[in-house]
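J.: sequence-free structure coming up:
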Ligand code: OAD
């Protein structure tokens, strides 16, 4: 399943960078943005996940996020997340750049995680930027408010918003310095995240894709592994680091 060239390179690599997307959390049961989530079938994510919608109808947007926060708090990291946490302990420099907001990489034990689209377990006041944990606000029936009166929003990137600058620049640096770059469970179509594998390739990385199917990236990758990340990553650990 894995080429000898890849195993040798990975075994020797000091710097490894991983881009992850919704697919790595699929085996944990994280519902996708565009899934058929009962009550929410009648809304498109673009209609709720944007700042204008929040200002116009904060209680509705809050209800939607409360529902997603509850689901995410009940699910667990899967074998793919745990395998990446193990690999971090082996390589000198190992970074995960994730498009996911579910916090599952950290919950699996990964330490260096750049979150391009934010984190649903964090929240902040839109007026004074005070931070709030989910526990502090999750019982609120209506959109929660800060003591300053400002609305509290989830710390996620909404449609039309910029990516967090510090996370983006760290992700570009990690991609440029990678000897091996993995693209895992992402359709590789949402920019700018989708440009990271190409940045890594231009600067000499061996690019490995893990996905259920071929993507836009596949023809440029050095190795394409088709299958579930929760099965392929533990196998890779067995083969590469025994
Ligand atoms: P997508 O839903 O676009 O792609 C998920 C990818 O994971 C697909 O290519 C699947 O084939 C693959 N996949 C599914 N299950 C898998 C498994 N068990 N193992 C390996 N691969 C699997 O998700 P993203 O690429 O993450 O943005 O989408 C990027 C962004 O689009 C999201 O972060 C979100 C959305 O708009 C924001 O919220 C800002």
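T.: Now that the structure is in, tell me what you want to look at. Everything numeric in this text was worked out from a predicted model, so none of it was measured.

J.: Let me see the residues that make contact with the helix or strand hosting residue 183.
T.: Assigned by DSSP states H and E, residue 183 belongs to strand 180-184. For strand 180-184, the surrounding residues in contact (C-beta atoms under 8 Å, 6 or more residues apart in numbering) are 9-10, 13, 15-21, 23-24, 80, 175, 196-197, 200-201, 205-211, 217, 221, 229, 233. Backbone N, C-alpha and C define where each C-beta goes, glycine included.

J.: restrict these to those near the ligand?
T.: 21, 23, 210-211, 229 (C-beta under 6 Å from any ligand atom).

J.: Filter those down to the ones in strands?
T.: Mapping these onto strands (DSSP state E) picks out 210-211.

J.: Do stretch 151-171 and the ligand come into contact?
T.: Yes. For stretch 151-171, a contact with the ligand is found by C-beta under 6 Å from any ligand atom, at residue 157.

J.: rewinding a little: so how do I select the buried members of the ones next to the ligand among the contacts of strand 180-184 in ChimeraX?
T.: The buried subset of those, as determined by 16 or more other C-beta atoms under 10 Å, is captured in ChimeraX by this line:
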select :21,23,210,211,229
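
J.: Switch the ones next to the ligand among the contacts of strand 180-184 over to a markdown table; also include pLDDT and distance to residue 88.
T.: As requested, those are arranged in a markdown table below (pLDDT from 0 to 100; distance: C-beta to C-beta, whole Å):
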| residue | pLDDT | distance to residue 88 |
| --- | --- | --- |
| 21 | 94 | 19 |
| 23 | 92 | 20 |
| 210 | 98 | 17 |
| 211 | 95 | 21 |
| 229 | 97 | 16 |
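
J.: Among the ones next to the ligand among the contacts of strand 180-184, which one lies nearest to residue 128?
T.: residue 21 (32.9 Å; C-beta to C-beta).

J.: Tell me which residues touch that closest one, please.
T.: Listed by C-beta under 8 Å, 6+ apart, the contact partners of residue 21 are 98-100, 184-188, 193.

J.: what's the answer for residue 119, then?
T.: Applying C-beta under 8 Å, 6+ apart, the residues contacting residue 119 are 101, 103, 155-156.

J.: For these, which entry has the maximal number of neighbours?
T.: Highest neighbour count within those, by other C-beta atoms under 10 Å: residue 101, with 23 neighbours.

J.: Excluding chain neighbours, what is closest to that residue?
T.: In space, residue 101 comes closest to residue 120 once its chain neighbours are excluded; the distance is 4.4 Å by C-beta to C-beta, 6 or more residues apart in numbering.
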